Every structure is written in structure tokens, then in C-alpha cells.
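J.: take this sequence and fold it.
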Amino acid sequence: GVYYQIGDVISVVDEQDGKTYYAQIRGFIQDQYCEKSAALTWLIPTQASPKDCFDPASYIIGPEEDLPRKMEYLEFVCHAPSEYFKSRSSPFPTVPTRPEKGYIWTHVGPTPAISIKETVTNNL
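T.: Residues are numbered from 1 along each chain as shown. Below you'll find the model as predicted:
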């Protein structure tokens, strides 16, 4: 079984066009017959969204759906904080402004100590 929580991203396949659509769970509902459903907020792809997989950084928040969807039709995609897509004026960009290279610059080898000249200059 899958442990769902608020904020998780799920996918739904449309029966008519066969396309996959993504949404974020914003709440859970259980009826009198113990059938579980989820209230969803749809995620809208951007031009940067890949066609063959889900990249959370390339989607923006869309409309909130009024009617809950039964859990049996939802496919788990990934865990995400419930506020991940919410902030439209976040202090940091949620979509990368430049391509991410996938590597980190670092120095291999001994790290030079601060020279005496730098120490004296900084303390004056």
C-alpha cells in the first residue's frame, strides 16, 4: 500500500484522451461507507515541463477541484510539502532561472591557510 499525505503529487489518466494529468492532494474525505477520496488542486505544466515525466519545478498551481476523486483512481507520483506550489511571490525562484548543470564546483586538495598579510590587513 501507499501512504498518502496532504501535499502529495498524484497523477490521473483521462479515459477520453489517455493523457496523464497531475494534481496535488489538499485534503482527504471518507464517506459513511468508508470509501476514501481526495480533494485535489490541479497542476498546470509550463513550457519547461518534460513530456515523459513529472518535474515539480516546472509546474504551477492551477484550479482547485470542487468534487473529490476516489483514491482508487489516483496514482502516487511523489511526496511534496503542501505549500510547495502555493507561493506565487516566494523569496526564491521555484522554477530555475538558468539550466541546472548537475554538478558542484569544489576544490580538491589542500586548502590554503589565510596568509599573514591578509590577517594583518583585515585587523587594521
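J.: and the helices in the protein?
T.: With DSSP state H, the ranges of helices along the chain come out as 116-123.
J.: show me the shaky parts of it.
T.: 82-124 (pLDDT under 70).
J.: what are the ranges of the strands in it?
T.: In order along the chain, the chain carries the following strands (DSSP state E): 9-13, 20-30, 36-45, 59-64, 69-70, 75-78.
J.: turn those into TSV, including mean neighbour count and distance to Y3.
T.: (Each C-beta comes from the backbone N, C-alpha and C, glycine too.) Listed next are the strands of the chain as TSV, based on neighbours: other CB atoms under 10 Å; distance: least, CB to CB, whole Å:
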stretch	mean neighbour count	distance to Y3
strand 9-13	17	13
strand 20-30	17	12
strand 36-45	18	13
strand 59-64	15	23
strand 69-70	14	17
strand 75-78	14	9
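J.: do you know which of these lies nearest D52?
T.: Each of the strands of the chain was checked against D52 via CB to CB, and the shortest separation belongs to strand 20-30, namely 9.9 Å.
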